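Asks: coordinates only, no sequence provided:
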């Protein structure tokens, strides 16, 4: 799906995977994959600011925990879907079959 070199720490990037827009987020804690759609007003999350394990929607600032997709604060009421991430060498792989599970990446 993606390569580690394409996703430096403190960055995020959206990819199309089996008809889903999946956002990969690389934090100091690892690599996380979530739906690229804010549940507050359906804006894309790509380019949103990240702080620790939290992602902020770039449109209205709704905040989500990347580890389990849960909302933080009052703007968004519904969590975002999370996906399991695996590393195979330099390749970042995402498993869409285990959606909604709270998962962190395996570190290189």
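Replies: Okay, I see it. For clarity, every value in this text was computed on a predicted model and none was experimentally measured.
Asks: C-alpha from now on. contacts and neighbour counts both.
Replies: Fine.
Asks: what about stretch 68-76, average pLDDT?
Replies: The average pLDDT for stretch 68-76 rounds to 92.
Asks: between the two ends of that stretch, how far is it?
Replies: Using Cα to Cα, to the nearest Å, one end of stretch 68-76 lies 14 Å from the other.
Asks: for it, buried residues please.
Replies: Buried residues in stretch 68-76, counted by 16 or more other Cα atoms under 10 Å: 68-72, 76.
Asks: now do stretch 75-86
Replies: Those would be 76, 79-86, for stretch 75-86 by 16+ other Cα under 10 Å.
Asks: which pair of those residues spans the longest distance?
Replies: 76 and 86 (28.0 Å; Cα to Cα).
Asks: picking up where we left off before, quick one: which of the buried residues of stretch 75-86 sit in helices?
Replies: Applying DSSP state H to the buried residues of stretch 75-86, no entry is found in helices.
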